[in-house]
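J.: Give the three-dimensional model of this entry:
(2 chains)
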Amino acid sequence: MSEQNDNQQKLDFVRQIVADDCQSGKWDGRVVTRFPPEPNGYLHIGHAKSICLNFGIASEFGGKCHLRFDDTNPEKEEQEYVDSIIEDVKWLGWDWGQNLFFGSDYFQQMYDWAVELIKKGKAYVCDLTGEEIRQTRGTPTQPGKDSPYRNRSVDENLDLFEKMRKGEFPDGSKTLRAKIDMASPNFNLRDPVMYRIVHASHHRTADNWCIYPMYDWAHGLEDSIEKITHSICTLEFENHRPLYDWFLDQLGIYHPQQIEFARLNLTYTVMSKRKLLKLVQEKLVAGWDDPRMPTIGGMRRRGFSPSAIRNFCDKISVNKFNSTIDFALLQHCLREDLNKTSPRVMAVLNPVKVVIENYPEDKVEYLDAINNPEDPTAGSRQIPFSREIYIERDDFMEDAPKKFFRLTPGREVRLRYAYFIICTSVIKDPAGNITEIHCTYDPATKGGDAPDGRKVKSTLHWVCAKNAIDAEARMYEHLFTKENPDDVEEGKDFTAYLNPNSLNVLSNCKVEPYLKDVKSLSRWQFERLGYFCVDTDSKDGKLIFNRTATLRDEWAKIQQNSK
RNA sequence: UACCCGGUGGUGUAAUUGGUAACACAGAGGUUUUUGGUACCUCCAUUCAUGGUUCGAGUCCAUGCCGGGUAGCCA
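T.: Here you go, the predicted model:
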């Protein structure tokens, strides 16, 4: 058993079940879980919760976790999704070893078991149309009606089922149904469909099959074949568990335990595949990996690290009731990791030129800058300094309120790793916009400390004008303005709450020359601004950064509160 | 109005399984600081309601209230 359990750390209810089973020897000490995505879309942060749960349990209890594609619906599934899912799970840092499986590999076995159920008189071929099945299913308060085909003979069922498989019937003309109880209070037991006829080519089995198993029939069999011990799924399958159990019991085959947990909800985001697809299709975002999307691909491109996501999944734990996690918790996990791992660098997003009047015209000197104060092994680098530099426009105010500590006429501030400067004058264009700020510097403060011990209230980041590299920064905010975009008013849909400011492109940024050869997707902290990640669109000569997250910002809070 | 599941601070999870509500996030205030970052400190709930069992209930029982899920030939 794992260290975590030896230490008697709090176990969530799923892990508690697994721990109890290990203790009682229910599965002979085996722990086998699985992550079973349908390859019909991209993975998102909600899937990450499930992935971390299943792979996490396997690794903590010395078991295995299978990656299994539940590919039983050829009309929706594609190889492209299989590839992206594999990439995403790997990126998150999980390893399934040899245990990569596909539900479609079990089609023959499933078929044979269906035949067995027919022989036992537990399944029948039904000629009702979809509409008729719906009409005879009954309502919550009324039982359904038996299908007129319910009592066909075993031989007839066997014959018809074989013909279904051979392609002798058109799509939708017949189904194979389990013969259970049309009066069951649980709809799932009102003679559920096991097979439907679909003449569609499957991404793996091509045209070998024209009948495809339904989820309820297929899923338990897949679990059984793979000798899964704990089949963990989301809450909406709770009502399906009796059916999961029924199929396995009728067949008398290996029977895993299904356990349901609540799916993840996050403030300011939508999680359903349908809604995410709509955002992509209607071009409300740039694609599945748009950095504003909660998809794993989007988050990767935004600059999230796998460990930030995994820590987040640990912290939220799992439970059986619906809850909505504050986006701020995700952000906290992100910053916690990025703070420790991201090299610091200086970049000016919204530049204004500063001329240091008493600094020699042609001089360039190199100053020592620490790469990461949280990580001594990250070392330091040399940054160029000269008479003209850029600072952030927001770091200067002509008429500053008392709580503004930054540059303002007559006040001394520090340029990080460089010198103290004092603003002496401001140059404006005819329209009144500031074009240059003139300052003087104190040569004795080189490196950022005054030998006489005098202090300054603030430190500014800057970039040497002569050596600066141009860059673009894509500034992101929440995709939605509303905490719960799913909570819609009459006549609106969730897209009504899209944040018009969710993307703001700054194309005139200046970054220090150290960033010349950055690698795609590398993560940096721009001092005093936030964490940034090199976008996949970034090229030599055209640097593009995505703002992953801002730093916590006291000054922004003060401004906000004074409004 | 059928069946299933669930209710602990603003949010998310804990509570030695009946022993006197803990941790984290958010928020507020403060200390430190060459990032208004980081780190650190302080403050912020008597557990949906009402009854009951008990020396003792967030934990057990009853009733009620509230929330979620379920009527695809989707998963």
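J.: Contacts only, for A:Y359.
T.: A:S386, A:R387, A:Y441 (CB atoms under 8 Å, 6 or more residues apart in numbering). C-beta: built from backbone N, CA, C; applies to glycine.
J.: What is the nearest of those to RNA strand B?
T.: Nearest to RNA strand B out of the contacts of A:Y359 is A:Y441 (CB to the nearest atom of the strand; 13.0 Å).
J.: and the residue lying closest to A:Y441 once chain neighbours are set aside, how many neighbours?
T.: In space, and not counting its chain neighbours, A:Y441 is closest to A:Y419: 4.3 Å by CB to CB, 6 or more residues apart in numbering. Per other CB atoms under 10 Å, the neighbour tally for A:Y419 reads 22.
J.: likewise the one 10 residues further on?
T.: For A:D429, the number of neighbouring residues by other CB under 10 Å comes to 9.
J.: just for the stretch 1-150 of chain A, where's the confidence low?
T.: Residues of the stretch 1-150 of chain A meeting the criterion pLDDT under 70: A:1-9.
J.: can we see that at 50?
T.: A:1-8 (pLDDT under 50).
J.: One more: chain A?
T.: Checking chain A against pLDDT under 50 turns up A:1-8.
J.: how about 70 then?
T.: Scanning chain A with the threshold set as pLDDT under 70 gives A:1-9.
J.: What sits closest to the residue of it found nearest RNA strand B if chain neighbours are left out?
T.: At 2.0 Å from RNA strand B, A:G448 is the closest residue in chain A, using CB to the nearest atom of the strand. Once flanking residues are discounted, A:G448 sits nearest to A:R414: 5.3 Å by CB to CB, 6+ apart.
J.: which ones are touching the one you found?
T.: A:F420, A:I421, A:T445, A:G448, A:V456, A:S458, A:T459, A:L460.
J.: The last one: neighbouring residues, count only.
T.: If you count neighbours by other CB under 10 Å, A:L460 ends up with 23.
J.: In this structure it contacts A:D395, no?
T.: Yes - at 5.1 Å, A:L460 counts as touching A:D395 under the criterion of CB atoms under 8 Å.
J.: what touches both of those two?
T.: With CB under 8 Å, 6+ apart, A:L460 and A:D395 have common neighbours A:R406, A:L407.
J.: before we move on, back to that, can you name the residues bridging to the residue nearest to A:G448?
T.: Assessed by DSSP bridges, A:R414 has beta-bridge partners A:F420, A:T459.
J.: Quickly note the distance from it to A:M271.
T.: Distance from A:R414 to A:M271, counting by CB to CB, to the nearest Å: 45 Å.
J.: how about whichever strand or helix holds A:L243 as PDB, C-alpha atoms only?
T.: In the assignment (DSSP states H and E), A:L243 maps to helix A:241-251. Only the C-alpha atoms of helix A:241-251 are listed here, as PDB (Å, rounded to 0.1, in the frame of the first residue of the first chain):
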ATOM      1  CA  ARG A 241     -25.500   0.900 -12.200                       C
ATOM      2  CA  PRO A 242     -28.300  -1.600 -11.800                       C
ATOM      3  CA  LEU A 243     -28.100  -2.300 -15.500                       C
ATOM      4  CA  TYR A 244     -24.300  -2.500 -15.400                       C
ATOM      5  CA  ASP A 245     -24.700  -5.100 -12.700                       C
ATOM      6  CA  TRP A 246     -27.600  -6.900 -14.400                       C
ATOM      7  CA  PHE A 247     -25.700  -7.600 -17.700                       C
ATOM      8  CA  LEU A 248     -22.600  -8.900 -15.800                       C
ATOM      9  CA  ASP A 249     -24.700 -11.100 -13.500                       C
ATOM     10  CA  GLN A 250     -26.800 -12.600 -16.300                       C
ATOM     11  CA  LEU A 251     -23.600 -13.500 -18.100                       C
END
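J.: Output the contacting helices and strands for that helix.
T.: Using 3 or more CB pairs under 8 Å, 6 or more residues apart in numbering; DSSP states H and E as the contact test, the elements touching helix A:241-251 are helix A:107-119, strand A:175-178, helix A:215-225, strand A:257-261.
J.: from the chain's centre, how far out does the longest one sit?
T.: Okay, so that is helix A:107-119. 38 Å (CA atoms, centre = their mean, to the nearest Å).
J.: export the helices and strands packed on helix A:241-251 to JSON lines and tack on distance to RNA strand B and mean neighbour count?
T.: Output for the helices and strands packed on helix A:241-251, formatted as JSON lines (distance: least, CB to the nearest atom of the strand, whole Å; neighbours: other CB atoms under 10 Å):
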{"stretch": "helix A:107-119", "distance to RNA strand B": "12", "mean neighbour count": "18"}
{"stretch": "strand A:175-178", "distance to RNA strand B": "5", "mean neighbour count": "24"}
{"stretch": "helix A:215-225", "distance to RNA strand B": "3", "mean neighbour count": "23"}
{"stretch": "strand A:257-261", "distance to RNA strand B": "8", "mean neighbour count": "20"}
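J.: wait, which of those is closest to A:P143?
T.: For the helices and strands packed on helix A:241-251, proximity to A:P143 was assessed by CB to CB; strand A:175-178 is nearest, at 16.0 Å.
J.: which element follows that closest one toward the C-terminus?
T.: strand A:193-197.
J.: Specify the angle between that following strand and helix A:215-225 in degrees.
T.: 110 degrees (axes from the mean of the first three to the mean of the last three CA atoms, to 10 degrees).
J.: in the stretch 301-450 of chain A, which spans are strands?
T.: With DSSP state E, counting those that start in this stretch as the criterion, the stretch 301-450 of chain A has strands at A:344-345, A:347-348, A:351-356, A:364-370, A:380-386, A:388-392, A:412-415, A:420-428, A:434-442.
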